[in-house]
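Engineer: Give me a 3D structure for the following:
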Amino acid sequence: MLADGLWSRERKRRSYRQRRERSKHCGELVQMDGSFVQWLEGRAERGCLINMVDDAISIGWGRFDKEESSWAVIQALRGWVERYGIPRAF
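Structural biologist: Numbers count the residues shown, from 1 in each chain. Below is the predicted model of the structure:
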């Protein structure tokens, strides 16, 4: 198979992915994600943690809700705005 070119011993490398640079200023970019896990280890029902992180300085803010719904995301954003102000990009 080596002689016929059907197989090679070289490892196939993934293409190089260039990482994007972090934002330079606080509030320039805020990232949000929701995660369903048994966060309270059986002491309460399974819920969704909606987590927000500022890209420049890595400060975070989170909120628990039963579901990752539009209203839950809006409430999380409202909490962020009250605490840190309106982000430029979301």
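Engineer: How are the strands of the protein distributed by residue range?
Structural biologist: Counting by DSSP state E, one finds strands in the chain at the ranges 30-37, 47-54, 60-65.
Engineer: Please name the bridge partners of the spatially most central residue of the chain.
Structural biologist: When the chain is reduced to its mean C-alpha position, the closest residue under CA atoms, centre = their mean turns out to be Asp33, at 4.6 Å. Residues found in beta-bridge contact with Asp33 (criterion: DSSP bridges) are Asn51.
Engineer: Can you tell me how far it is from Arg63?
Structural biologist: Separation of Asp33 from Arg63 (CB to CB, to the nearest Å): 12 Å. For the C-beta atoms, the positions are set from N, CA and C on the backbone; glycine is no exception.
Engineer: ok, now Val30?
Structural biologist: If you measure Val30 against Arg63 using CB to CB, the figure is 14 Å.
Engineer: Settle it for me: which of these two has more neighbours?
Structural biologist: Under the criterion of other CB atoms under 10 Å, the comparison of Val30 against Arg63 puts Val30 first, with 24 against 18.
Engineer: if we can go back for a sec, give the intersection of the neighbour lists for Asp33 and Arg63.
Structural biologist: In the contact map built from CB atoms under 8 Å, 6 or more residues apart in numbering, the residues linked to both Asp33 and Arg63 are Ile50.
Engineer: Verify the stated contact: Phe36 with Glu45.
Structural biologist: No - in terms of CB atoms under 8 Å, Phe36 does not count as a neighbour of Glu45; the distance is 11.0 Å.
Engineer: where does this structure dip in pLDDT?
Structural biologist: Low-confidence segments of the chain (pLDDT under 70): 1-2.
Engineer: Helices of that one, start to end?
Structural biologist: 70-84 (DSSP state H).
Engineer: Not counting stretch 38-48 itself, show me its contacts.
Structural biologist: Contact partners of stretch 38-48, identified using CB under 8 Å, 6+ apart, comprise 34-37, 49, 64-68, 72.
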